[in-house]
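S.K.: I need the structure of the sequence given here:
(one chain, ligands or ions: 1)
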Amino acid sequence: MRTSYDVAIAGGGIVGASCAAECAAAGLSVFVAEPNVIGGGATAAGMGHLVVMDDSPAQIALTNYSRNLWIDLAPQLPADVEYLKAGTVWVAADAEEMAEVERKRAVYESIGVRAEVLDARALAEAEPNLRRGLAGALRVPDDAVVYPPCAARYLLDCARKRGAEIHVGMAARELARGVMKLSDGSKIAAGIAINASGAWAPELTPGIEVRKRKGHLVITDRYPGWVRHQLVELGYLKSAHSISTDSVAFNVQPRKTGQLLIGSSRQYGAEHASIDAYMLTRMLDRALEYMPGLAGISAIRSWTGFRAATPDKLPLIGPCDADPRLYLATGHEGLGITTSLATGKLVADQILRRATAIPFEPYLPDRKHEEHSHA
Ligand SMILES: Cc1cc2nc3c(=O)[nH]c(=O)nc-3n(C[C@H](O)[C@H](O)[C@H](O)COP(=O)(O)OP(=O)(O)OC[C@H]3O[C@@H](n4cnc5c(N)ncnc54)[C@H](O)[C@@H]3O)c2cc1C
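M.R.: Residues are numbered from 1 along each chain as shown. Down below sits the predicted model:
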């Protein structure tokens, strides 16, 4: 093992993996420390929905850029990444949510994202297992689904092929001013050190505004074709964007295996990884409201994970003012699978002072956070 690298990365989740792949592809020498298994943090717990989200101009720019990077990468992904161009169907329960469908369609159209409005009949034809009486939906056909831990492994394999060193079973204990101190007592000198340790990032960089936001998911047995798109209630926009309260939303994903992944929940202040029965019950009750037939489906496992949440719901990507050799790549909340590829590009472009495909300033760690909740 060398003791000096261009880039040293703490965290082998999908974000650290993407940073490693991009930096190695640019010819930089890369070191990655991951204390547990590759992609075993939020990356393993996540749904893997690759989705364009329009909560703010900066969020839509990042998700759209990154989803397009996934579309470009899709032909090269190995089979175990299970890339599935399922599309998203944003389900509108009533006339008020149909107005939101129209607004969302116009926003997507303005940035060239394909989206079509479905009326109640077209929605019932597209997804026969949804309950009757829904108002309609917005279908975004180019959104997709992946199996995130295998995607992280693939990105790290790409990095390794370009010379990156990946050290599993090793934690970073300190990360500052171009030095990474490791759990075995050794030190790595790095031109740039990157904190990509997800929800654990404040342990390495105290004071950053990242909080754990717990989520539950359930996976079922195999029911091929039972659900065809990633189905998300438009009410999700209200619950996901609430910044303080616990919430659940109807969110069901078809996996390439024929399994269904059922979500989703959001909690602050729950630091333990065990299942909270009341949240799981609330989440499944919500799913049953939209798909009563789920009651006859067999669930095989449920688990939890921690999203890394920031006050303004944008990730922290780039150098810190107080230590320009320390980069952050964390705070991706519920969109880190989607935005991992763009994060890797933005990090490598900033290190190498290359032009970025989208403005990088909205994601800089020292921007002024403006807390905002959705109307
Ligand atoms: C229930 C749920 C559903 C989700 N659904 C989606 C979705 O559908 N679409 C989407 O885009 N996103 C989704 N997300 C969000 C997504 O999973 C995360 O944003 C993403 O995985 C973050 O990746 P990461 O690499 O930053 O973090 P992680 O995957 O958590 O990786 C961080 C890594 O750092 C390691 N680490 C910790 N401490 C140290 C240290 N001291 N030194 C070195 N390494 C360290 C950890 O072991 C871990 O492996 C979901 C998340 C949850 C919880």
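
S.K.: just the helices in the stretch 151-300 of the chain please.
M.R.: 201-204, 236-241, 277-290 (DSSP state H, counting those that start in this stretch).

S.K.: CSV for the ones you listed, including mean neighbour count?
M.R.: The way it works is simple: take the backbone N, C-alpha and C, and place the C-beta from them, glycine included. As requested, the helices of the stretch 151-300 of the chain are exported to CSV (neighbours: other CB atoms under 10 Å):
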stretch, mean neighbour count
helix 201-204, 20
helix 236-241, 20
helix 277-290, 17
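
S.K.: so Y83 touches V146, yeah?
M.R.: Yes - counting by CB atoms under 8 Å, Y83 touches V146, with 5.3 Å between them.

S.K.: higher neighbour count, the two?
M.R.: Neighbours were counted for Y83 and for V146 using other CB atoms under 10 Å; V146 has more, 26 against 23.

S.K.: any idea what sits nearest that one, other than its immediate chain neighbours?
M.R.: G48 (4.5 Å; CB to CB, 6 or more residues apart in numbering).

S.K.: pretty sure the one you found sits against A152.
M.R.: No - applying CB under 8 Å, one finds G48 not in contact with A152, separated by 10.7 Å.

S.K.: more crowded one of the two?
M.R.: Using other CB under 10 Å, the more surrounded residue of G48 and A152 is A152, with 31 against 24.

S.K.: ok so, going back, need the overlap of contacts for Y83 and V146.
M.R.: In the contact map built from CB atoms under 8 Å, 6 or more residues apart in numbering, the residues linked to both Y83 and V146 are W70, L77.

S.K.: tell me where the stretch 1-150 of the chain has strands.
M.R.: 4-10, 30-34, 49-50, 88-92, 116-119, 136-140, 144-145 (DSSP state E, counting those that start in this stretch).

S.K.: tell me how far the residue nearest to V146 lies from L234.
M.R.: G48 sits 21 Å away from L234, taking CB to CB, to the nearest Å as the criterion.

S.K.: go on, V101?
M.R.: Counting by CB to CB, the gap from V101 to L234 is 7 Å.

S.K.: kindly report the same for M98.
M.R.: Where L234 is concerned, M98 sits at a distance of 9 Å (CB to CB).

S.K.: ok, and the closest non-adjacent residue to the residue nearest to the spatial centre of the chain?
M.R.: Closest to where the C-alpha atoms of the chain average out (CA atoms, centre = their mean) is G336, at 2.3 Å. Leaving aside its chain neighbours, G336 sits nearest to V15 (5.8 Å; criterion: CB to CB, 6+ apart).
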